[in-house]
Structures are given as C-alpha cells and as structure tokens.
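> sequence unknown, structure follows:
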DNA sequence: AACCGCCATGCGCATTCTGCTGATCGAGGA
DNA sequence: TCCTCGATCAGCAGAATGCGCATGGCGGTT
C-alpha cells in the first residue's frame, strides 16, 4: 500500500514510517499541510494517516477539502486520548477511523489493512485464488495447509494486484504503488517481483498483458 | 481523455490546447460561455478546465448550472493568484480542484492525472459499444463473457478513438497519438491497425470518413 | 461509363522490443 | 557474524510491430 503520513513531530514520524515500511508499504511523509497537499496533487494514496495538530493549520481543513473534492481515500486521524471532541469533528469531516496517540503500531497496521480491504470492496477476510487461500488481513497465504511465505515487497505487489483484481495495472502504476518518491527506482524491479511471485504462486496466478501491464484474473 | 477547455484568451488557450493534445488528450476549446454550453450539449467530457473570467459572464454560473443538473464531471477552475475568494466560491459551487494563473503546465497535467485516476478507481467505469463491454481503466474488453485481447497499439488506437467518440479523428492525429514524436512513422500503419481492430471488434465498430479519418459512432 | 484516388485487407518477413529469469552484490537485520 | 531481502544486470526467447507487396472495392469526377 502507498501511505501518506502527515505528522509534524519528526521522531514520531520517523518511527512510524520505518515501521510501516518494514511492513512493506510505501510511505511518503509530509510534515505540514502544504507538503501534504503537494503530495496529494501528484500521487494517489491508498490511505492517509493524518495528525490533526500541524504547524500550518488543522488537518481537518485538509480532510474537508479532500472530501469536498470527491476524494474517498481512507483517512485515519490521530488524536490525543482526551480530545474526544476533535475526534468527533474528524469523523464528521469525513475521516474513516481514528487512533489515539501515542500510536500503537500493531493497531495502526490492523486498521490500515481493514480500510484497504473495505476500499477495495472486498469485505471478506479470506479470499481464494486458484488453489490458494489468501488472508489479506493477516498478510498470510496458504496452499492447502502449507503457508507460502512472501517477502514484504512480494506481498505489496500481490496486494496491489489483488485490490484491482480483474483489471490491468501498468508497470508504472505498480511502481508508484510499491515505492515512495524518495526511493526512486530504476530497472525492471516490477518484472523481477512478478517473476518471483509466479515462482511461489504458480505461473498462472499473474497474467501478462504485453505493453499494458499485469493482472490477476 | 476528452477535455473541454473554457478560456477566452486565444494565446493561452492555444498553448494549453497544444500541450494537452501532445499529452494525448482530445481537447475542445470554447472561448466563452455560450460556446461552452453548446459543446456540453453535444458531447460528454472527462474533465473541464474552466477559466472564471469570461467575456459573457462568470464561469461560476456555468459550473453551478452543471452541478444543479446533476453533472458530476470533474471541473478544474483557473483563478488568478490573488483571487482567493473566487477560489473558495468555485469550490463551493462544485469545482473539484483549482489551478492558479499563470498556468503551470506540469501542474495541470498532474491534476488531470490525479482526477482521472480517482475516477478510474470508481468501479463504474464500464461503457458499452454495440455488443462490447469496455473497461477502460482496466484495459480490458469483452464480448459477452469472452475477453477480447488487444495488443498495446490496438488498445492505444481504440482508446484514442473512444476518447473522441462521435468525432472524426484524422489519420495524422491518430498517428501522432499512437507514436511518440521520436519514432516517426511512415506507411499505412494506422490503416493496418484499424483493420486489425475491426477484425477483433467487428467491422461496424469503426467507421471510415473518406478523406477525413475514422470515428467510433 | 470509365477512370483515378483512397481505402481495406491479407500474407510474409525482418527487426525491434518486452518481458522473464538466473546470477550477483550490497545492506541491514537477526 | 551470518543470513535474508532488495536492487540491478545481462542474456535469451518470443511476441509485437512495421512494412513491402498485392489484390480488390468503393466513391466521386470527368
């Protein structure tokens, strides 16, 4: 997943970004509203993690602008434990969920997955693909009883393709999904991971559309 | 994408239209409200670029009319850098986004992309053509249950014709659309691909206008 | 009616390009 | 330290493309 993390405190942002990247997500970090808007202009995110107290204003205004513009990306706001009124205002403004600070990393991860799943229109925790059983919430994958282990990049790619199941995703889109701005990528990384995934899942799991992209049928 | 550009200053409109066409979009230009309404009556656009200061009134009234009529096409308004109040009025009237003049071409392209992608995240992206079902976002095409596979050139041609549906595109325009400037092309490549497409889609899918070009009716 | 230009379509071939995969190297975590 | 993962390269195979050539149809013009 590609995540926009809007959080002004550098220490917290760093820790959170590192954690999320370790889970295989692509994280862009914006320390204030301005850079957040800039990032939103040029890229599409799967989820936004929004701290409300920012140096140049409240994250609420950003959220309202997003929703007014018809943007339905899942937004999770972060509030202090005692700011119940802010929390309600956030939900009113169109947030999907909230977490209380200090962040509980595992909780954030769980909520991210839940929202991504909802956004992709697949409420079920388990789905199937050929002989595979997919537990997207738990990020696990089985063939029969045996678990197939994916590395985080492999999972990220698989997840991206799954959330657009039946549609062709171009290499460029996949790249943008897997990598944030800063860690620019070159070469045929996507191809390589497709190849590795096929090695683990079976060649038929991912189809190639020459010149167009890849899809999971 | 098919874009309606509403802008009265001829120089600016020309430059913008040229730029957008070079990006592979179909651009219709309207210099005033009257012709804009006329264009909107006869065609469906994917995006509208709207300058607010027009000779025969403010673009805001057009925008309001559109929204009142239930039209949800993405509208990007252009405002001068200091007209913050206008900007807000525009967003209130139902605009999706704004850009400040003078235009920054790269920024416009980025916003167009963002809106296009957002729209393509919408599952209701299917359209129909005769007995064909077209998933433009997913780059797939069906006749009934069976998928019709197009190669990337075929798809590019089809997509170009679709985005100007109902209008005739000359061979030259199509050539420019299919091929980057660098690899100039000669011969009857467009004719050949039209022929191949007809083979896959059915002969009636693409009409010939002798001496003028092709269109999808 | 005859002509001429434009277009359609088929076949075949050479070339280009895309995608696949095994291998290697370095970095960072366990 | 060792080991896993990620990034990148290079070579190969096969698909897609471009294009020549040829035939035949259609339309408008003279």
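On my side now, so go ahead. Everything numeric in this text was worked out from a predicted model, so none of it was measured.

> which bits of chain A sit near DNA strand D?
Residues of chain A found near DNA strand D (CB under 7 Å from any atom of the strand) are A:24, A:149, A:151-154, A:179, A:183, A:185-189, A:192, A:210-211. Backbone N, C-alpha and C define where each C-beta goes, glycine included.

> Which ones, among these, also lie beside DNA strand C?
Contacts with DNA strand C within those, counted by CB under 7 Å from any atom of the strand: A:188, A:192, A:210-211.

> Report the two of these separated the most.
A:192 and A:211 (18.4 Å; CB to CB).

> Neighbour count: the two, which is higher?
residue A:211 (15 against 12; other CB atoms under 10 Å in any protein chain shown).

> ok, now which ones touch the residue nearest to the more buried one when sequence neighbours are not counted?
Once flanking residues are discounted, residue A:211 sits nearest to residue B:152: 2.8 Å by CB to CB, 6 or more residues apart in numbering or on different chains. Contact partners of residue B:152, counting by CB atoms under 8 Å, 6 or more residues apart in numbering or on different chains, are A:209-212.

> Could you check how far residue B:152 is from residue B:193?
To residue B:193, residue B:152 is 11 Å away according to CB to CB, to the nearest Å.

> Now do the shared contacts for those two.
Counting by CB under 8 Å, 6+ apart, nothing touches both residue B:152 and residue B:193.

> Burial check on residue A:64, number of neighbours?
Other residues within reach of residue A:64, judged by other CB under 10 Å, total 15.

> Quick check: pLDDT value at the nearest residue to residue A:170 once chain neighbours are set aside.
Nearest residue to residue A:170, sequence neighbours excluded (CB to CB, 6+ apart): residue A:213, at 3.9 Å. Per-residue confidence at residue A:213 stands at 91 (pLDDT).

> Residue A:40 now?
Listed pLDDT for residue A:40 reads 87.

> Could you do residue A:169 as well?
pLDDT at residue A:169 comes out at 88.

> For residue A:49, give me its contacts.
A:3-7, A:16, A:76, A:78, A:108.

> By neighbours, which of the residues you listed wins?
Using other CB under 10 Å as the neighbour criterion, residue A:6 leads these with 28 neighbours.

> So in terms of bridging, what pairs with that one?
residue A:30, residue A:50 (DSSP bridges).

> For PyMOL, what selects the buried ones among the contacts of residue B:152?
The PyMOL command for the buried members of the contacts of residue B:152 (criterion: 16 or more other CB atoms under 10 Å in any protein chain shown) is given here:
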select buried, chain A and resi 209+212
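
> Cross the contacts of residue B:152 against strands and list the overlap.
residue A:209 (DSSP state E).

> ok, so of the contacts of residue B:152, who is nearest DNA strand D?
Closest approach to DNA strand D among these (CB to the nearest atom of the strand): residue A:210, at 4.1 Å.

> residues in chain A within reach of chain B, list them.
Applying CB under 8 Å from any CB of the partner chain, we find that chain A lies next to chain B at A:40-44, A:65, A:68-72, A:121, A:164, A:166-168, A:209-213, A:215.

> and if we set it to 6 Å?
Contact residues, chain A versus chain B (CB under 6 Å from any CB of the partner chain): A:41-42, A:44, A:69, A:167-168, A:211-212.

> In JSON lines: the contacts of residue A:49, plus distance to residue B:135 and pLDDT.
Below are those laid out as JSON lines (distance: CB to CB, whole Å; pLDDT from 0 to 100):
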{"residue": "A:3", "distance to residue B:135": "27", "pLDDT": "88"}
{"residue": "A:4", "distance to residue B:135": "28", "pLDDT": "91"}
{"residue": "A:5", "distance to residue B:135": "32", "pLDDT": "90"}
{"residue": "A:6", "distance to residue B:135": "33", "pLDDT": "92"}
{"residue": "A:7", "distance to residue B:135": "37", "pLDDT": "89"}
{"residue": "A:16", "distance to residue B:135": "36", "pLDDT": "84"}
{"residue": "A:76", "distance to residue B:135": "30", "pLDDT": "85"}
{"residue": "A:78", "distance to residue B:135": "37", "pLDDT": "80"}
{"residue": "A:108", "distance to residue B:135": "34", "pLDDT": "77"}
